[in-house]
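Peer 1: have a look at this prediction, sequence included:
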Amino acid sequence: MQRRLRLTRSEDFERLRQTGQSRSHAWLVMNVAANQLPHNRYGIITTKKLGKAVQRNRIKRQLREVLRLLHSQLRQGYDVVIIARPGIMGQPFHAIQRIVEQACHKLMLLSGDGG
RNA sequence: CAGGCAGAACGGGAAAUCGCAGCAGGCAACCCCUGCUGAGGAAAGUCCGCCCUCCACAGGGCGCGGUGCUGGCUAACUGCCAGGCAGGGCAACCUGACGGCAUAGUGCAACAGAGAGGUGUAUUGCGUCGUGCAAGCGGCGUGAGGGUGAAACGGCGGUGUAAGAGACCACCAGUGCGUUUGGUGACAAGCGCAGCUAGGCAAACCCCACCGGGAGCAAGGUCAAGCAGGCGCACGGGGGCUGCCCGUCCCAUAGAAAGCGCCGGGUCGUCCGCACGAGGUGUCCGGUAACGGGCAUCCCAGAGAGAUGAUUUCCACUCCGGGCAACCGGAGAACAAAAGGCGGCUUAUAGGUUUGGCUGGAUA
RNA sequence: GGCCCUAUCGUCUAGAGGCCUAGGACGUCACCCUUUCAAGGUGAAGACUCGGGUUCGAAUCCCGAUAGGGUCA
């Protein structure tokens, strides 16, 4: 994932927490808010509840891969934050991919969703 | 063959496509393209030690902290190797903060028990004397036996005695001093003398010996951006070794600037440190070994919210189901991921591989 | 990433080698009191984070692990 597509600053995370739309699932929580940029930015949060460094890194990389594959299908101009929950531990990649796609669909982020 | 002991190396392998990070080249730079490289034995815990950096260079005393058998290795260590001693195991082997409570002083030992450290004590007992018809009571001697306790002032046999006792004797254990031999040494073995047993706890204070200045790469420097200043600093002030004292050094010296300290405000960016090192591999030499030296060869992660992910094929391993079998189908595969580097320790770890001892059984 | 601190009933705490079979307060439960509830009284249950070591004896001393928390740009 290119560096300009990453969301890093804590003010941005706090802004999404305050003003963004959210969608929760047993495995993850997704926050979305519009930014003033021509592209999307993505942030991933893996807390210590998920386990030690090996587990947290693996979840983060899998979610990043999902977003990379999904990026071209999404409407641009939004900041997206995914917070992983402990239920995601040990789940196969395709199942995680499906859950993220569903969350994007419900938040009207897919290009075919209109509006 | 079974069980057990001590090590060593490994931690699935071979590929394809997409994606990520670094380096080199193609360009003078970005994008882009090509090639190469890209987590571990513990990267972990941060328990020790060192390199490195800063503190205006770090000296002395007190205090504080650490270490503690001997010899060696190392940059250094609470590490490693070899040895001694003590304890455990039939053995291979394992474990040990292993200086000093007879080189000083202080302290502690609940409960039980007569008595818990004072050449101290006397409940029962043994003996004897007095008294009493007797049971018993009282005095004296004794410390062997019983009993209490984690621990009770040598063991066993004899002499001795009213009863007894290292009171005395033989042997043994233990202690101190002297001495001989072996060893660099810790220590071991022996001889002689003394004396007659002189307890435990220093991971209790402490004493002795040795070591330690403090902080840490968010150290520290550099460039850029941004902001708002205020207070304190002479009969001596502020600061540097942190707890104290001395010594010493730095700054200011009365107008301001600069400096130091405290409070407040701003920024949350770039680059360096930051990847050739006490480096890896192979081989030879010295050494019992840890390790040291020579030669050859290799370059082997370097991010900044933090690079290893996804999909697929074949082979290897384990388990489950089916099958006589070949095989077929399915599932699984530990602990855990660099963040300046290095040497150790400790802790976690599925699984198989391999080397050398030991014990028992069987066979020859 | 570095440097520190702490851990005792459900919660807050006392404890400094034996008096600890661990004390107190709030909370919980039972009983008494009251027409009932509250308050009050009486009583009960309930803990030394874990594993080794030193010691006759450890919540306490030493070592290791675990879990929380703080601080530094």
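Peer 2: Okay, I see it.

Peer 1: tell me the confidence at the most centrally placed residue in chain A?
Peer 2: The residue lying closest to the centre of chain A (C-alpha atoms, centre = their mean) is A:Ile82, at 3.3 Å. At A:Ile82, the pLDDT value in this model is 88.

Peer 1: surely it touches A:Ile99?
Peer 2: No: distance between A:Ile82 and A:Ile99: 10.1 Å, which falls outside the contact criterion (C-beta atoms under 8 Å). No exception for glycine: its C-beta is placed from N, CA and C like everyone else's.

Peer 1: now the common contact residues for those two.
Peer 2: A:Leu28 (C-beta atoms under 8 Å, 6 or more residues apart in numbering).

Peer 1: doesn't A:Ile83 lie inside a strand?
Peer 2: Yes: judged by DSSP: H, G, I helix; E, B strand; the rest coil, A:Ile83 forms part of a strand.

Peer 1: how much space separates it from RNA strand B?
Peer 2: Here A:Ile83 is placed at a distance of 12 Å from RNA strand B (C-beta to the nearest atom of the strand, to the nearest Å).

Peer 1: surely that residue meets A:His25?
Peer 2: No: A:Ile83 is not in contact with A:His25 according to C-beta under 8 Å; the separation is 10.4 Å.

Peer 1: perfect, I'm done here.
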